[in-house]
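>>> test case, fold it:
(chains A and B)
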Protein chains: 2
Amino acid sequence: MNYDEAALLARIRSAFPAFQDGVGIGDDAAIFRNPAALAITTDMLIEDVDFTAAIPLSFVAVKSLAVNLSDLAAMGAKPEAFLLSLGLPEWALSSFDRFVESLSAEAARSGVALIGGDLSAAAKLTISITAIGSVPPSGALLRSGARPGDRIYLSRPIGGSAAGLSLLQRGWTVHESGVINPPAGTNFGYAQREFAAAAIRRQIAPMAEVELGQKLLASGEVTSCIDLSDGLSIDLKRLCDASSCGALIDRDRLPPFPDLIANAAALGIDVEAAVLHGGEEYALLFTSRLRESELSAKCGTPVMSIGRMRSGTGVFLETDGREAGLPASGFDHFRRDP
Amino acid sequence: MNYDEAALLARIRSAFPAFQDGVGIGDDAAIFRNPAALAITTDMLIEDVDFTAAIPLSFVAVKSLAVNLSDLAAMGAKPEAFLLSLGLPEWALSSFDRFVESLSAEAARSGVALIGGDLSAAAKLTISITAIGSVPPSGALLRSGARPGDRIYLSRPIGGSAAGLSLLQRGWTVHESGVINPPAGTNFGYAQREFAAAAIRRQIAPMAEVELGQKLLASGEVTSCIDLSDGLSIDLKRLCDASSCGALIDRDRLPPFPDLIANAAALGIDVEAAVLHGGEEYALLFTSRLRESELSAKCGTPVMSIGRMRSGTGVFLETDGREAGLPASGFDHFRRDP
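Numbers count the residues shown, from 1 in each chain, chains lettered A, B, ... in the order given. Predicted coordinates:
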């Protein structure tokens, strides 16, 4: 049997009636309009799937909340509260305090209250968070509002998280203190080590665009939005599909993570794969009729135009004046490599 | 190191500020009063902790939703929606359709819409559900409202779920069709087999008291409520602690699951342990000043008085006119047996 995530999700959707009182499956968070406008989202992180025991639990805590807050940000919601379910193996108990303290600090920074949860024993550390945000009665940012001609924006440079993951998989380590070290026996220069540390931090402690999401919604000028959780190619395709549009990306305008290009060769990182398909970025990807300078001014922070929506279907990449289809090859939990 | 669930929970509570806009940690579900009165709860079921691969996934699906709906019932909330996160191992993929169909049917029966979720690969099947219910602006049923003199009630006889678990652990099996069979080579009579099947069904497909919970709240006569998830002794202690009261239970009034006493000896079930400490019942435990006949009439269904709240602390059991402390020894994921 061969399953992929989209097929599993389609199976679930087909088995349940559509939610009548708001926005159900298919966007970054559910909007619960009756009796009020709340955004509710959930994400689960599992040991040896989403992280390994080599990552200090204080970082796992930050990430487990950030991935949920990023879903709220993509709706333009203001984070209000969250619920925490933990499946705890023996090994995680000794670091439990550090996990809780780190999560608490991140929650305080983001202004969310812990309002419930569940504790269980487990063979693998499992962290399931449900986050709840408020949205104005006028509505939320959805994936489905983009129209042909809209400009496509990124909130920040991308590719750092995938670069960081690649480094961790090749022996770079993170100490409990946050210090990041190269594999034993290697000899990297200062610039490479600095870049590597920044990329690994982006991977293990991503920042959700919580404030920007609310600004984008408040601007009234953003037609659609999604967060980059699985990769630009696959997440832009999701936005295109939800909006019944196609997209053309200009490769020259894609903003790579700082110093990625300069250090990639020495560190063995595939820049193209990291930028186009790298997951766990948690930048926002959104659309607007406004020009870059206009939208940046409206939001009070620079945003980066990378292409245009257009009629038709599919995501295309323009390189040196030539167009080619961009295959959606971001992360999929259930895809088997051939 | 020695942890128990209460200590872990206390650690979490101490690390987070109290939720200001409603009811946070410490009740069966969180109430989100700002901007509206919603009850939100979450529960996670993990393979080899909460169930084994020997239980058909259709039953696991029903139970994973029921345990969440039971938390809503304990608040008097009307179930509205839920989110579903799944960690899926290879083996579960081939039964995925049955799981989804069963969950869909149970959701339809309970009137809840699936409004979001998350899918992940996992080594062990992990099901994390967040359920959302609505409560009237006047409030919800809480654990904390019981007063000395209040009568203590159960919604139905108890001990069946623990009896069912005991039978499953000693070789009784559940076929995908729902047929329940005794261990090979045993020779039980018809009455014993019928009882065993009923007890195992209570364990693998518990019923949440969704309608009763709403009736209890609407009656205006119920001072506190909790669902029996971990066992009468421990859940009554939680209710007592939240209400700053003690409790005295009359052993003669405790209602055992139908035919439990008649069949226990032949099937090797400890009646006392099943009734007093057995978990996963999902009956409601609640308090009221009204007499049994008055409250039953108000609710339109019989409820069972089992004792009285009183001043002081602790849960006591009266047997043949003699009182003894009832140790809270229900299920705890993190307790180590000595």
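>>> could you give the number of residues near A:R143?
24 (other CB atoms under 10 Å in any protein chain shown). Backbone N, C-alpha and C define where each C-beta goes, glycine included.
>>> element containing the closest residue to chain B within the stretch 151-300 of chain A?
Evaluated by CB to the nearest CB, the stretch 151-300 of chain A has A:S229 as its residue closest to chain B, separated by 10.1 Å. Using DSSP states H and E, A:S229 is not contained in any helix or strand.
>>> quick one: mean pLDDT over the longest helix along chain A.
When chain A is scanned for its longest helix (criterion: DSSP state H), the result is helix A:57-75. Across helix A:57-75, pLDDT averages out at 94.
>>> which other helices and strands contact that helix?
When contacts are defined as 3 or more CB pairs under 8 Å, 6 or more residues apart in numbering or on different chains; DSSP states H and E, helix A:57-75 sits against strand A:38-46, strand A:78-88, helix A:96-110, strand A:126-134, helix A:190-204, helix A:210-219, strand A:222-227.
>>> where in the stretch 1-150 of chain A is pLDDT low?
For the stretch 1-150 of chain A, the stretches with pLDDT under 70 are A:1-36.
>>> could you rerun that using 80?
Under the criterion pLDDT under 80, the flagged ranges of the stretch 1-150 of chain A are A:1-37, A:114, A:116, A:137-139.
>>> report the angle between the longest helix of chain A and helix A:96-110.
For helix A:57-75 against helix A:96-110, the angle by axes from the mean of the first three to the mean of the last three CA atoms, to 10 degrees is 30 degrees.
>>> what does the stretch 51-200 of chain A put close to chain B?
Counting by CB under 8 Å from any CB of the partner chain, the residues of the stretch 51-200 of chain A close to chain B are A:80-81, A:83-85, A:87-88, A:93-94, A:96-97, A:100-101, A:103-104, A:107-108, A:113-124, A:126, A:128, A:130, A:132, A:134.
>>> out of those residues, which end up buried?
Applying 16 or more other CB atoms under 10 Å in any protein chain shown to those, the neighbour count classes A:80-81, A:83-85, A:87-88, A:93, A:96, A:100, A:103-104, A:107, A:113-124, A:126, A:128, A:130, A:132, A:134 as buried.
>>> just give me the neighbour total for A:G321.
Neighbours around A:G321, by other CB under 10 Å: 5.
>>> same deal with A:C299?
Using other CB under 10 Å: A:C299 sits among 22 other residues.
>>> what sits against the closest residue to it other than its chain neighbours?
Closest residue to A:C299 apart from its sequence neighbours, by CB to CB, 6 or more residues apart in numbering or on different chains: A:K215 at 4.6 Å. Residues near A:K215 by CB atoms under 8 Å, 6 or more residues apart in numbering or on different chains: A:298-301.
>>> please repeat the previous calculation with a cut-off of 10 Å.
A:76, A:209, A:222, A:298-301, A:303 (CB atoms under 10 Å, 6 or more residues apart in numbering or on different chains).
>>> so is stretch A:238-249 next to chain B?
No - counting by CB under 10 Å from any CB of the partner chain, chain B is not contacted by stretch A:238-249; separation bottoms out at 14.2 Å.
>>> return the distance of that stretch from the chain's centre.
Centre-to-centre, stretch A:238-249 and its host chain are 18 Å apart (CA atoms, centre = their mean, to the nearest Å).
>>> for it, buried residues please.
A:238-243, A:245-249.
>>> do the same with stretch A:217-236
Those would be A:217, A:219, A:221-236, for stretch A:217-236 by 16+ other CB under 10 Å.
>>> in TSV: the helices and strands packed on helix A:57-75, plus distance to B:E47.
Output for the helices and strands packed on helix A:57-75, formatted as TSV (distance: least, CB to CB, whole Å):
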stretch	distance to B:E47
strand A:38-46	12
strand A:78-88	10
helix A:96-110	22
strand A:126-134	11
helix A:190-204	27
helix A:210-219	34
strand A:222-227	30
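>>> closest one to B:L285 among these?
strand A:78-88 (22.9 Å; CB to CB).
>>> what strands line up against the closest one, and which way round?
In the sheet, strand A:78-88 lines up against strand A:113-121 (parallel), strand A:126-134 (antiparallel) (DSSP bridges).
>>> so how far is the first one off the chain centroid?
Going back to what we said before, that points to strand A:113-121. With CA atoms, centre = their mean, you get 23 Å for strand A:113-121.
>>> stretch A:265-281 now?
15 Å.
>>> so which bits of that stretch are buried?
So, applying 16+ other CB under 10 Å, buried residues of stretch A:265-281: A:267, A:269, A:271, A:273-281.
>>> what about chain B: which of the residues you listed touch it?
Counting by CB under 10 Å from any CB, no member of those is near chain B.
>>> now tabulate the residues you listed in TSV and tack on secondary structure, pLDDT and distance to A:K63.
Converted to TSV, the buried residues of stretch A:265-281 look like this (DSSP: H, G, I helix; E, B strand; the rest coil; pLDDT from 0 to 100; distance: CB to CB, whole Å):
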residue	secondary structure	pLDDT	distance to A:K63
A:L267	helix	96	22
A:I269	coil	96	20
A:V271	helix	96	23
A:A273	helix	95	21
A:A274	helix	96	18
A:V275	helix	97	21
A:L276	helix	97	22
A:H277	helix	96	20
A:G278	coil	95	15
A:G279	coil	94	13
A:E280	coil	95	8
A:E281	coil	96	12
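>>> surely A:I306 is in a helix?
No - per DSSP: H, G, I helix; E, B strand; the rest coil, A:I306 lies outside any helix segment and is strand.
>>> skipping adjacent residues, who's closest to it in space?
A:I306 sits nearest to A:R253 (CB to CB, 6+ apart), 4.8 Å away.
>>> cool, A:G312 as well?
The nearest residue in space to A:G312 (CB to CB, 6+ apart) is A:G246, at 4.0 Å.
>>> and A:G164, how far is that from A:N181?
A:G164 is 14 Å from A:N181, where distance means CB to CB, to the nearest Å.
>>> name the residues contacting each of these two.
A:172, A:174, A:196-197.
>>> quick one: which of those residues is most hemmed in?
When neighbours are counted by other CB under 10 Å, A:A196 leads the shared contacts of A:G164 and A:N181 with 25 neighbours.
>>> in three-state terms, label the residue nearest to that residue when sequence neighbours are not counted for me.
Leaving aside its chain neighbours, A:A196 sits nearest to A:L167 (5.3 Å; criterion: CB to CB, 6+ apart). The three-state assignment at A:L167 reads helix, by three-state DSSP.
>>> which residues touch A:L167?
Contacts of A:L167 (CB under 10 Å, 6+ apart): A:173, A:180, A:182-183, A:195-197, A:199-200, A:203, A:267-269.
>>> likewise A:L83?
By CB under 10 Å, 6+ apart, the neighbours of A:L83 are A:40, A:42, A:68, A:114-118, A:128-132, B:24-25, B:29-30, B:40-43, B:83, B:128, B:130.
>>> now swap in A:I226 and tell me
Contacts of A:I226 (CB under 10 Å, 6+ apart): A:27-28, A:71, A:74-75, A:141-143, A:146, A:235-236, A:238-239, A:242, A:284-287.
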